[in-house]
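J.: A predicted structure for the sequence below; I have some questions about it.
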Amino acid sequence: MGQGRENWSGTLGFVLAAMGSAVGLGNVWRFSYITGEYGGAAFILVYLGCVVAVGIPIMIAELLIGRSTQRNAVGAFATLRPRSPWIMTGWLGVLTGFVLLSYYSVVGGWVLHYISLSIADGFAGQSTEATKQLFATLSASPALQVFWHAVFMAVTIWFVARGVSRGIEWGNKIMMPALFFMLCFLLVYALTTDGAAEGIAFLMTPHWDKISAKAVLEALGQAFFSLSIGMGTLVTYGSYLNRHTQLPRAVLFVAVSDTAIAILAGFVIFPLVFTFQLEPNAGPALIFETLPAAFGQLPFGQWIALLFFLLLTFAALSSAMPLLEVVVAYFIDEKGWSRTRASWVFGGVIFAVGIPSALDRGFFGFMDMLTTNYLLPVGGLLVALFAGWSMTHTERQAEVPARDLSSGLYLAWVFLLRFVAPAAVAVILLRSMGLF
Ligand code: PHE
């Protein structure tokens, strides 16, 4: 077991890859519109609570399961608890990889299309009505959507097929720093626009009246989505790690940077939204329909648009890679497939599964609802129960020794895994089933 298995080149490579997995469309596209809908700072505070109480404990648990077994999501549970139903947790992860990537790649395709529009200076001088029309035209064209979905999938497959350190890690080592610099540049730019003060005020003023039970549950679902937990991504990434990496530290770094990037993206988006009196609560279409109108009227808007959608492409690609990797690692470890074959075959299958999402917005919404409301929370619940109740202190402490986590924090972590995370997730699920 583990013989000849691929590995990250070191802690830095792993941390960048895990960051790449976490930082994705969720941070820019999803976080910004949900924050817009639920009223700024109050929502952000609730979100932070979810990250600390539920997200971080589950992230450490997933990594520990992967590293201790050096196996893919299914093999890891089979190794730790042979012939037990826990293996279903791994299966669920592989299934979620299929479903999530199939429609994630469609949005990745939209982003690529918007890069082409930016290059052609397609937003110049356009009103919001006109930029809405651009998105409607894309939505109405099956050929255009399937084409860009195919391009996005092909690039993802190419990285994954090259291997863990030669492909995924290498891609992240270029894309993550680039993303960070682009974000800083856009931030400085956005903060010098006329709407900056209003945008900042929007994000920093807590609207507690908007924090309903629904908002809290939305924050929790967003934490799962954004931290990439509940589907074996971190089990798989953890399986390429060696003993030197301190898991809690690495997780803290990834969770903090993921959250920081989501908030910084808000500081780019909302000043632009207010500069042109656009709707801050425009929903999922915010960055595709609303924001381009701002780009079209700003000085150097074409370049700003290009930078913004390039940033989004890097974020999307680095998150699509682990989704495919969960599936590919399973076929390599358990079925003896070559990496190249597994990547192209299952990348191809996922592309096909994604076509209906490209053609029909209703189906797209269904896939997103299925993933965020059911698959990720159930996966996270099972991981929390497994690591909290089925694993022993000895098993946990072999991967998370006192050197890495003081005894007080260790007990807090186990408490969160055993009680807080399962209770929180149970509430999301009951609500999704209409019991609230
Ligand atoms: N975290 C990614 C994002 O924010 C999405 C994702 C979820 C990626 C689960 C991998 C696994 O866009």
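T.: Right, received. Where do you want to start?
J.: host element of the residue of the stretch 251-400 of the chain found nearest the ligand?
T.: Distances between the stretch 251-400 of the chain and the ligand by Cβ to the nearest ligand atom are smallest at residue 319, namely 4.0 Å. To be clear about C-beta, it is placed using only N, CA and C from the backbone, and glycine gets the same treatment. For residue 319, the host element (DSSP states H and E) is helix 301-335.
J.: what does the helix or strand following that helix contact?
T.: Next in sequence after helix 301-335, counting helices and strands by DSSP H and E, comes helix 339-359. Helix 339-359 is touched from outside by 98-99, 101-103, 105-106, 109, 142, 145-146, 149-150, 153-154, 156-157, 160-161, 163, 324, 327-328, 331-332, 337, 363-364, 367, with contacts defined as Cβ atoms under 8 Å, 6 or more residues apart in numbering.
J.: span of stretch 416-424 from start to end?
T.: The straight-line separation of the ends of stretch 416-424 (Cα to Cα, to the nearest Å) is 10 Å.
J.: tell me the buried residues in it?
T.: For stretch 416-424, a neighbour-count test (16 or more other Cβ atoms under 10 Å) marks 416-418, 420-422, 424 as buried.
J.: circling back to that earlier point, any of the contacts of helix 339-359 buried? List them.
T.: Members of the contacts of helix 339-359 classed as buried by 16+ other Cβ under 10 Å are 98-99, 101-103, 105-106, 109, 145-146, 149-150, 153, 156-157, 160-161, 324, 327-328, 331-332, 337, 364, 367.
J.: then stretch 307-316 to PDB, C-alphas only?
T.: Provided in PDB are the C-alpha atoms of stretch 307-316 (Å, rounded to 0.1, in the frame of the first residue of the first chain):
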ATOM      1  CA  LEU A 307      -8.100  40.500 -15.200                       C
ATOM      2  CA  PHE A 308     -11.300  39.800 -13.300                       C
ATOM      3  CA  PHE A 309     -12.400  36.900 -15.500                       C
ATOM      4  CA  LEU A 310      -8.800  35.500 -15.700                       C
ATOM      5  CA  LEU A 311      -8.800  35.500 -11.900                       C
ATOM      6  CA  LEU A 312     -12.100  33.700 -11.900                       C
ATOM      7  CA  THR A 313     -10.700  31.200 -14.400                       C
ATOM      8  CA  PHE A 314      -7.800  30.300 -12.200                       C
ATOM      9  CA  ALA A 315     -10.000  30.000  -9.200                       C
ATOM     10  CA  ALA A 316     -12.400  27.700 -11.100                       C
END
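J.: show me the shaky parts of the stretch 201-350 of the chain.
T.: For the stretch 201-350 of the chain, the stretches flagged by pLDDT under 70 are 284.
J.: surely residue 28 meets residue 288?
T.: No. Using Cβ atoms under 8 Å as the test, residue 28 is too far from residue 288 to be in contact (11.2 Å).
J.: who's more crowded, those two?
T.: residue 28 (26 against 22; other Cβ atoms under 10 Å).
J.: how about the contacts made by that one?
T.: So residue 28 contacts 262, 265, 269, 287, 311-312, 315 (Cβ under 8 Å, 6+ apart).
J.: which pLDDT value belongs to the residue of the chain most remote from its centre?
T.: Most distant from the centre of the chain: residue 125, at 32.8 Å, with distances by Cα atoms, centre = their mean. Looking at residue 125, its pLDDT reads 86.
J.: what about the closest residue to it other than its chain neighbours, distance to residue 282?
T.: Excluding its sequence neighbours, the residue lying closest to residue 125 (Cβ to Cβ, 6 or more residues apart in numbering) is residue 296, at 5.6 Å. Using Cβ to Cβ, to the nearest Å, residue 296 is found at 16 Å from residue 282.
J.: excluding its backbone neighbours, what's nearest residue 270?
T.: Nearest non-adjacent residue to residue 270, counting by Cβ to Cβ, 6+ apart: residue 199, 3.6 Å away.
J.: which SSE is immediately downstream of the one helix or strand that neighbour maps to?
T.: Using DSSP H and E, residue 199 maps to helix 196-204. Where DSSP H and E defines the elements, the next helix or strand beyond helix 196-204 is helix 213-227.
J.: enumerate the positions of that next one that are buried.
T.: Under the neighbour-count rule (16+ other Cβ under 10 Å), helix 213-227 has 215-227 buried.
J.: need the residues that contact the helix or strand following it.
T.: Reading on from helix 213-227 to the C-terminus, the next helix or strand found by DSSP H and E is helix 233-238. Identification of contacts with helix 233-238 by Cβ under 8 Å, 6+ apart yields 14, 17-18, 21, 59, 62-67, 72-73, 76, 90, 93, 97, 228, 247, 322-323, 325-326, 329.
J.: go again using 6 Å as the cut-off
T.: Outside helix 233-238, the residues that touch it by Cβ atoms under 6 Å, 6 or more residues apart in numbering are 18, 21, 59, 62-63, 65-67, 72-73, 76, 322, 325-326, 329.
J.: could you do stretch 322-333 as well?
T.: Identification of contacts with stretch 322-333 by Cβ under 6 Å, 6+ apart yields 21, 71-75, 93-94, 97, 100-101, 156, 160, 232-233, 236, 337, 339, 342-343, 346-347.
J.: same question, stretch 179-189
T.: Against stretch 179-189 from outside (Cβ under 6 Å, 6+ apart): 264, 267-268, 307, 311, 314.
J.: helix, strand or coil for residue 7?
T.: coil (DSSP: H, G, I helix; E, B strand; the rest coil).
J.: right, and residue 167 touches residue 157 too?
T.: No. Assessed by Cβ atoms under 6 Å, residue 167 is found out of contact with residue 157, at 9.8 Å.
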